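Participant: With the input below, show me the fold.
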Amino acid sequence: MITNTNEINTDRYGVLSIGLHWLMLLLLIAVYACMDLRDIFPEDSTLYNGIKTWHYMLGLSVFGLVFIRLAARLLTATPAIKPTLPKWQARFSFWMHVALYLLMIVMPLLGWLILSAAGKPIPFFGLELPALIAKNKANATQIKDIHETIATVGYFLIGLHAAAGLFHHYWVGDNTLKRMLPFRT
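Facilitator: Sure thing, here's the model as predicted:
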């Protein structure tokens with residue numbers, strides 16, 4: 001048991017935050033891969049439909065876990081970046097994180113709304129979640145268009161986030177990336 005608060009590690013995020021960060025990355029990779037890879041199979045084939053089902057379930061997993069991640073972020077200390085970032089970079093970092101959290105909340109919610117409006121079941125690992133809205137094909141199509149547009153933006157957000165971490169690690173030489181690595185460096 002740690003009794004002296006000076007002994008608490010303030011150079012890295014906690015194990016829960018680090019674990020959730022990398023788990024969310026793996027889930028996002030899987031969610032995107034499911035939709036990108038489904039087209040190699042004939043439409044409405046068992047494999048095609050199975051990959052779509054996995055896309056739904058993994059997306060809903062992101063939706064559930066993002067709230068645990070937000071709670072962990074709000075309830076635990078954020079280790080300082082050393083040396084301190086210029087003010088504009090700190091602001092940009094804040095808004096990038098807001099955008100990523102919105103992506104992880106809005107995208108699964110839109111997917112759930114698409115299935116609801118299409119009148120399709122909402123599968124979640126053996127369960128069927130309730131529809132959020134009434135069946136309406138026109139709404140399903142509109143929501144799907146929004147979902148796909150935001151998905152494209154998501155590629156850029158995730159890529160920019162990763163590039164920023166690598167830039168800070170290799171170019172700037174600060175501890176931005178080291179704070180979130182799952183192993184000590």
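Participant: Report the mean per-residue pLDDT for the host helix or strand of Val106.
Facilitator: If you go by DSSP states H and E, Val106 is part of helix 87-118. What helix 87-118 shows for mean pLDDT is 97.
Participant: gap between it and the chain center?
Facilitator: How far helix 87-118 lies from its chain's middle: 8 Å, per C-alpha atoms, centre = their mean, to the nearest Å.
Participant: Can you give me the buried ones in that helix?
Facilitator: The neighbour-count check on helix 87-118 (16 or more other C-beta atoms under 10 Å) flags 89, 93, 99-100, 103-104, 107-118 as buried. From N, CA and C alone the C-beta is placed, and that goes for glycine too.
Participant: Repeat that for stretch 116-131.
Facilitator: Using 16+ other C-beta under 10 Å as the test for burial, stretch 116-131 gives Ser116, Ala117, Ala118, Ile122, Pro123, Phe124, Ala131.
Participant: mind listing what the third one touches?
Facilitator: Translated: Ala118. By C-beta atoms under 8 Å, 6 or more residues apart in numbering, Ala118 lies in contact with Lys135, Lys137, Ala140.
Participant: Now with 6 Å, please.
Facilitator: Shown in contact with Ala118 (C-beta atoms under 6 Å, 6 or more residues apart in numbering): Ala140.
Participant: Show me the contact partners of stretch 37-52.
Facilitator: Contacts for stretch 37-52 (C-beta under 6 Å, 6+ apart): Cys34.
Participant: quick one: terminal-to-terminal distance for it?
Facilitator: Chord length of stretch 37-52, first to last residue, is 10 Å (C-alpha to C-alpha, to the nearest Å).
Participant: Also stretch 109-126?
Facilitator: Using C-alpha to C-alpha, the two ends of stretch 109-126 sit 19 Å apart.
Participant: same thing with stretch 77-94?
Facilitator: End-to-end distance for stretch 77-94, by C-alpha to C-alpha: 15 Å.
Participant: Residues in contact with it: which ones?
Facilitator: Contact with stretch 77-94 is made by Thr10, Asp11, Arg12, Asp174, Asn175, Thr176, Arg179, as judged by C-beta under 6 Å, 6+ apart.
Participant: now these as CSV including secondary structure, pLDDT and distance to Gly59?
Facilitator: Listed next are those as CSV, based on DSSP: H, G, I helix; E, B strand; the rest coil; pLDDT from 0 to 100; distance: C-beta to C-beta, whole Å:
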residue, secondary structure, pLDDT, distance to Gly59
Thr10, coil, 76, 34
Asp11, coil, 86, 34
Arg12, coil, 91, 29
Asp174, coil, 93, 33
Asn175, coil, 93, 32
Thr176, coil, 92, 28
Arg179, coil, 94, 28
